[in-house]
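Asker: Have a look; sequence and predicted model below, questions after that.
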Amino acid sequence: DYYSSIFIHLGAHRTGTSRLQKYLLEVQTKAGSQHYDFVVPQVAGQREQPDHRNFIKKYLKQHARFEKKYLFFKIFESKNLKKIFDNYVEFLNPKSKTLVMSEENFLGQAFYAELPGNLYPEAERNLRAVRSLIGLNIEKIFLSIRPYPDFLISYDIMREAYFNRGIGLANLSNWAHGEILGWQKLVEVVRTVFPNTVIEIWPYGDITIERQFSRLTGDSLSKVAQDLTTD
């Protein structure tokens with residue numbers, strides 16, 4: 001109810017989200033930006049910016065709990081949801097009629113080792129919470145993606161580097177044998193949750209697997225493939 005128009009950029013991870021978010025932070029200092037509210041997470045080099053992710057995490061968790069409860073208990077859970085929502089609105093401090101938001105974590109974790117081929121398994125649950133939080137005045141959703149194998153490798157390397165929790169090459173190979181649902185499935189999920197909203201797809205990146213492999217290992221992918229005796 002605070003905004004008449006809302007534009008949301010959904011990740012995915014490793015698709016240039018940090019660069020876009022830095023750009024939005026730059027835009028909000030320029031003339032004309034008073035007509036928009038920009039909400040982005042903290043990004044590299046911008047740690048002084050207030051971070052809304054703690055509110056998002058709390059709301060997603062509470063909404064998931066709310067959906068699991070029986071009708072009687074939903075009354076109590078909805079009060080907790082309302083409290084988080086009110087705190088979030090106070091944090092945002094709406095000033096204009098248009099909201100521009102960029103957030104990759106709305107989609108949840110990109111993949112789990114035990115679910116080969118199922119990209120963003122938490123997306124539908126999380127996006128239902130987002131719809132509950134933000135409302136129905138969403139004018140357009142932007143979904144950025146990148147070539148599928150490059151995305152898998154880049155995301156796993158990022159998780160290994162930041163959290164020491166990559167799923168590893170062995171599990172990535174399971175993904176190669178699994179049914180690849182990928183971006184098509186994710187778009188279907190977004191369409192299910194937001195059936196009347198325009199979805200615009202942003203392809204990102206032109207890095208090939210061969211270049212990525214060579215950059216990381218110093219080896220030629222084609223030479224390594226020729227040397228292998230197994231699939």
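Answerer: Arrived safely.
Asker: Can you tell me what sits against the lengthiest helix in the chain?
Answerer: The helix that spans the most residues within the chain, counting by DSSP state H, is helix 71-92. Helix 71-92 is contacted from outside by 2, 37, 39, 50, 52, 55-56, 58-59, 62-63, 65-66, 69, 132-133, using CB atoms under 8 Å, 6 or more residues apart in numbering. (Glycine included, C-beta is placed from N, CA and C.)
Asker: Now do the same for the nearest residue to I145 once chain neighbours are set aside: its pLDDT.
Answerer: Leaving aside its sequence neighbours, I145 sits nearest to W183 (CB to CB, 6 or more residues apart in numbering; 5.0 Å). You'll see W183 listed with a pLDDT of 87.
Asker: for K74, same thing?
Answerer: K74 is assigned a predicted lDDT (pLDDT) of 80.
Asker: Likewise for I167?
Answerer: 85.
Asker: And for F55?
Answerer: 85.
Asker: Could you do the one 5 residues further on as well?
Answerer: The pLDDT attached to L60 in the predicted structure is 89.
Asker: are any of the contacts of helix 71-92 buried, and which?
Answerer: 2, 37, 39, 52, 55-56, 58-59, 62-63, 66, 133 (16 or more other CB atoms under 10 Å).
Asker: elements contacting the top strand by length along the chain?
Answerer: For the chain, the strand with the greatest residue count under DSSP state E is strand 138-145. With contacts taken as 3 or more CB pairs under 8 Å, 6 or more residues apart in numbering; DSSP states H and E, strand 138-145 sits against strand 5-10, helix 182-193, strand 198-203.
Asker: Report the angle between the second one and strand 5-10.
Answerer: Taking axes from the mean of the first three to the mean of the last three CA atoms, to 10 degrees, one finds helix 182-193 and strand 5-10 inclined to each other by 150 degrees.
Asker: Show me which positions of helix 182-193 end up buried.
Answerer: Those would be 182-183, 185-186, 189-190, 193, for helix 182-193 by 16+ other CB under 10 Å.
Asker: End to end on stretch 15-33, go ahead and measure it.
Answerer: Terminal residues of stretch 15-33 are spaced 25 Å apart (CA to CA, to the nearest Å).
Asker: Revised request: answer the last question for stretch 172-186.
Answerer: So stretch 172-186: terminal residues 19 Å apart, CA to CA.
Asker: which outside residues touch it?
Answerer: With contact meaning CB under 8 Å, 6+ apart, stretch 172-186 is reached by 12, 107, 111, 113, 116-120, 123, 143, 145, 148, 152-153, 156.
Asker: Count the residues that sit near Y148.
Answerer: Using other CB atoms under 10 Å, the number of residues around Y148 comes to 13.
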